[in-house]
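Engineer: generate coordinates for the sequence data below:
(chains A and B)
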Amino acid sequence: MISESDLPNGRFFNVHTTRFSNITMTFSRQHLLGIRELEPAEITHILDAAENFRHLADRPIKKVPTLRGRTVINLFFEPSTRTRTSFEIAAKRLSADTINISASSSSVTKGETLLDTARNLQAMSPDLIVIRHSSAGAAHALARVCQAGIINAGDGAHEHPTQALLDALTIRQHKGTLENLRVAIIGDILHSRVARSNIHLLTKLGAHVRLAAPRTLLPPQFAAIAERNLEIAPNIEDALTDADVVIVLRIQSERQTDAFLPSMREYAVHFGLNKKRLARAARDVIVLHPGPMNRGIEISSDVADGTHSLILDQVANGLAVRMATLYLLSGGTPHGAANIGDALLRDST
Amino acid sequence: MTKLLITGGYVIDSTQGINAGKNVLIEDGRITALLAPNDAAPDDANIYDATGCVVAPGFIDMHVHLREPGQEYKETIESGAIAAAAGGWTSICAMPNTDPVNDNVAVTRFIIEQAARARLNGVCANVFPIGAITKGSKGTELAEMGEMRDAGIIAVSDDGHPVPNAGMMRRAMEYAHGFDLPVVDHCENRSLSGGGVMHEGEWSLRLGLRGQPSLSEEADAERDCHLAELTGAHVHLCHVSTRGTIDIVRRAKARGVRVTCEVTPHHFTLTDAAVEGYDTNMKMNPPLRTEDDVEAILEALRDNTIDAIATDHAPHHADEKALEFDGAPFGIIGLETALGLACDRLVHQGVIDLNRLVELCSVNPARIFNLEGRGTLRPGAHADLTIFDPEQTWTVNAETFKSKSRNTPFHNRTLRGKPVTTIVGGRQFAQEFEL
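Structural biologist: Sure, this is the predicted structure:
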């Protein structure tokens, strides 16, 4: 049980008990490997949990003891600032012990395989491992050999589930629901794990998703990856017309050398999101970007910094989504409370 | 003279139009007679009771990767030949992509000597080496095919490193034709498939894995058929996997091109959907294709467009397969599951009958690679026999495989149809199955 010294400002710890009491079920999955395999109700459940955690950031004391005594390993084989920091802060705010391992400082440089690294980490009994890796399926491989819960923080071009969840949370906060929203996803869809996770999540929750990109980056079969509500727009203008939400994806300079694009300049001219193009969208359109942005290439600065942009809201929501994910995959609290509400209530009274 | 009489079996041999209960008499490594079931057995013959089994001319696997020389930890010539016998194959054809490559007579002789040494230790499959098309399989200079033929190769192939240059392939076909060597090609245009780790389609997009389009196989298949037409050479296409390739072969055969082709059990059993879950034992090249491609393969097995079933047995150590899907090597083993899969998936599902199965696994491979006195039970032929029970149900257990490797996607699969014993050169494969 938490002591007064842990929470010096405990009196300010105002919990909306009614909200928390909504969350009574525990998340039944051991891992979060992707969005595709989730049921709509599970997605909503994570989003509801995240909504609750989001209010923590507004309090003077942002730390709760929910995951005290738990160990979370952030295993990052690809460079990442936003996602790694977000997971780390999320874990710390839940009072978990966190360890960050990046590829350059790990045994990987000594030739150790991913699975050996995983087995060694497992031998230290972590509760959760957050993994980012350049190969699709890396998180699945870990899930097969580890008892720890695995959170996929991006596996190659496959999925990045927490990004889609934070995007959905952001959209829901501004639009109330995802049902029947028109969402345009613009950019390097072929190579994007963000696009895949977003497509699954948005279509499962009833949004209509239109994709637009140069044809080298958007094979026609892409429309078949989701069961419903997904189409390929003939061009970016059509995709944007009356859109309620626009998700802009990062374009990487390698696409030029790999012959997907003639030049970044031409991409900016034909596919970059600028004010003029955005004018086709609904008046209250919101613009998201998973970051890091290439200003002036896939998105112009006036759009990125403009009134429709929610790029920084996404970052704040990212923290809440990751807290919710860590919490739910831990299956409750170390105190045995079945839900966050119980834990917070008891600690604050 | 040692005599062996195989009694009670059902003999299937289309080379003699036989589809009946017969006893097979073997003397000194050769078939000497096919006797009626109630003919008296010679007094001095050992008897093998094959009641309830099919007795067929020995199965010949046209496409096997033995890893010797170079990667003996994956498979040796001996372990491969034993695994083959355990799986019902009496002969296997060894692809040249070893280290060093079988591109010269010294390596060819080494393979043949190792195979002979293995046979001294016990009964196992015959090994027929396939030589490289180009030196080091690098695609730039022709390998010494004539020398290698004299030493014992039965075909040439740059399998694993397909000849990228059409002009070089033309010269190779012209040259090989002069030595009556079939040119065996793994059709893959790497400028189209480069970097792909599975079939390019809905599933590769869903899974975020780089895909190999069907066209990368079909472009080279079309090229090879036209080159065979131009040169008069015999081209044999390995492991055809797409509807398009099958159409290309069907059309080429119709206009008289000397083209033959094979299919693997995994390509008529599994589809690209099996890659979901990222099991690296679902990673092979060519990759698993779509339901529609499997349909086309089954049709082609029926209508004689496909000539042979071959395993593309590609052993890899468990450590090598225990990597991310992108990083794991291509290939699965197949010697000890092929017969079961072919019976289960093809015969029992009504795709083909047993007579056709024997053609695909024995009669045709012998004909394609000009293996004199094999693929038939005619008196005088080598006493290579595959004896199998098409009705027996068993469950694949990779732990009991004779192969040194375990990289199969069929572990724990229950199959109807099982090899019972294998006779090579008149001698019975020693180890009874305990599967």
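
Engineer: interface residues of the stretch 101-250 of chain B facing chain A?
Structural biologist: Contact residues of the stretch 101-250 of chain B with respect to chain A, defined by C-beta under 8 Å from any C-beta of the partner chain, are listed as B:200-202, B:205-209. The way it works is simple: take the backbone N, C-alpha and C, and place the C-beta from them, glycine included.

Engineer: one more pass at 6 Å, please.
Structural biologist: Counting by C-beta under 6 Å from any C-beta of the partner chain, the positions of the stretch 101-250 of chain B adjacent to chain A are B:201-202, B:205-209.

Engineer: report the contact partners of the residue in the stretch 51-200 of chain B that chain A sits nearest to.
Structural biologist: With C-beta to the nearest C-beta, the shortest gap between the stretch 51-200 of chain B and chain A falls at residue B:200, namely 7.9 Å. Contact partners of residue B:200, counting by C-beta atoms under 6 Å, 6 or more residues apart in numbering or on different chains, are B:211-213.

Engineer: repeat for residue A:78
Structural biologist: When contacts are counted by C-beta under 6 Å, 6+ apart, residue A:78 touches A:132, A:134.

Engineer: measure residue A:112 to chain B for me?
Structural biologist: Between residue A:112 and chain B the distance, using C-beta to the nearest C-beta, to the nearest Å, works out to 11 Å.

Engineer: can you tell me the SS state at that residue?
Structural biologist: When the structure is split into helix, strand and coil by DSSP: H, G, I helix; E, B strand; the rest coil, residue A:112 lands in coil.

Engineer: count of residues packed around it?
Structural biologist: Close neighbours of residue A:112, defined as other C-beta atoms under 10 Å in any protein chain shown, add up to 14.

Engineer: what's the neighbour count on residue 128?
Structural biologist: Reading this off chain A. Using other C-beta under 10 Å, residue A:128 has 26 neighbouring residues.

Engineer: that's the wrong chain, I wanted chain B
Structural biologist: Here the neighbour count serves as a burial measure; for residue B:128 (other C-beta under 10 Å) it reads 23.

Engineer: roughly how far is whichever strand or helix holds residue A:326 from the heart of the chain?
Structural biologist: Under the criterion of DSSP states H and E, residue A:326 resides in helix A:311-329. Relative to the centre of its chain, helix A:311-329 is centred 7 Å away, using C-alpha atoms, centre = their mean, to the nearest Å.

Engineer: mind giving me the packing neighbours of that helix?
Structural biologist: The elements that helix A:311-329 packs onto, with contact taken as 3 or more C-beta pairs under 6 Å, 6 or more residues apart in numbering or on different chains; DSSP states H and E, are helix A:40-54, helix A:82-93, helix A:161-175.

Engineer: could you dump those into TSV with distance to chain B, mean pLDDT and mean neighbour count added?
Structural biologist: Formatted as TSV, the helices and strands packed on helix A:311-329 follow (distance: least, C-beta to the nearest C-beta, whole Å; pLDDT from 0 to 100; neighbours: other C-beta atoms under 10 Å in any protein chain shown):
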stretch	distance to chain B	mean pLDDT	mean neighbour count
helix A:40-54	18	93	20
helix A:82-93	17	95	21
helix A:161-175	13	98	24
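
Engineer: and residue B:348, which of these is closest to it?
Structural biologist: Relative to residue B:348, the nearest member of those by C-beta to C-beta is helix A:40-54, separated by 40.5 Å.

Engineer: coming back round to it: so who does the closest residue to the residue of the stretch 51-200 of chain B closest to chain A other than its chain neighbours touch?
Structural biologist: Nearest in space to residue B:200, with sequence neighbours left out and distances taken as C-beta to C-beta, 6 or more residues apart in numbering or on different chains, is residue B:211 at 2.5 Å. With C-beta under 6 Å, 6+ apart as the criterion, the residues that contact residue B:211 are B:196, B:198-200, B:204.

Engineer: give me the beta-bridge partners of residue B:211?
Structural biologist: When bridges are assigned using DSSP bridges, the partners listed for residue B:211 are residue B:198.

Engineer: near chain B, which residues of chain A show up?
Structural biologist: Among all residues of chain A, those adjacent to chain B (criterion: C-beta under 6 Å from any C-beta) are A:114-115, A:135-138, A:140, A:156-158, A:221-222, A:224-225.

Engineer: what sits against the residue most central in space within chain A?
Structural biologist: Of all residues in chain A, the one closest to the mean position by C-alpha atoms, centre = their mean is residue A:163, 1.8 Å from it. Contacts here follow C-beta under 6 Å, 6+ apart; on that basis residue A:163 touches A:194, A:290.

Engineer: do that again at 8 Å, thanks
Structural biologist: A:83, A:154, A:193-194, A:197-198, A:290, A:318 (C-beta atoms under 8 Å, 6 or more residues apart in numbering or on different chains).

Engineer: neighbour-wise, which of those residues leads?
Structural biologist: residue A:198 (31 neighbours).

Engineer: any regions of the chain where pLDDT drops low?
Structural biologist: Answering for chain A, as no chain was given. Screening chain A residue by residue with the criterion pLDDT under 70, one finds the ranges A:1-27, A:105-111, A:332-349.

Engineer: switch to chain B, that's the one I care about
Structural biologist: Low-confidence regions of chain B, defined by pLDDT under 70, span residues B:1, B:430-435.

Engineer: what about residue A:246, which helix or strand?
Structural biologist: For residue A:246, the enclosing helix or strand under DSSP H and E is strand A:245-248.

Engineer: elements contacting that strand?
Structural biologist: Applying 3 or more C-beta pairs under 8 Å, 6 or more residues apart in numbering or on different chains; DSSP states H and E, one finds that strand A:245-248 contacts helix A:161-175, strand A:182-186, helix A:193-204, strand A:286-288.

Engineer: go again using 7 Å as the cut-off
Structural biologist: The contact analysis (3 or more C-beta pairs under 7 Å, 6 or more residues apart in numbering or on different chains; DSSP states H and E) places strand A:245-248 against strand A:182-186, strand A:286-288.

Engineer: same list (the ones you listed) but as a markdown table, adding mean neighbour count and distance to residue A:31.
Structural biologist: Conversion of the helices and strands packed on strand A:245-248 to a markdown table gives the following (neighbours: other C-beta atoms under 10 Å in any protein chain shown; distance: least, C-beta to C-beta, whole Å):
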| stretch | mean neighbour count | distance to residue A:31 |
| --- | --- | --- |
| strand A:182-186 | 25 | 26 |
| strand A:286-288 | 23 | 26 |
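
Engineer: for the spatially most central residue of chain B, phi and psi?
Structural biologist: With distances taken as C-alpha atoms, centre = their mean, residue B:310 lies nearest the centre of chain B, 2.5 Å away. According to degrees, to the nearest 10, the main-chain angles of residue B:310 amount to phi -140, psi 150.

Engineer: now residue B:386
Structural biologist: Note on residue B:386: backbone dihedrals following degrees, to the nearest 10 are phi -110, psi 120.

Engineer: could you do residue A:159 as well?
Structural biologist: Residue A:159 has phi and psi values of phi -140, psi 160 when expressed as degrees, to the nearest 10.

Engineer: in contact with the nearest residue to residue A:187 once chain neighbours are set aside, which residues?
Structural biologist: If the residues on either side of it in the chain are set aside, residue A:187 comes closest to residue A:249, at 2.9 Å by C-beta to C-beta, 6+ apart. Contacts here follow C-beta atoms under 7 Å, 6 or more residues apart in numbering or on different chains; on that basis residue A:249 touches A:185-189, A:192, A:194-195, A:290, A:298.

Engineer: I appreciate the help and will end here.
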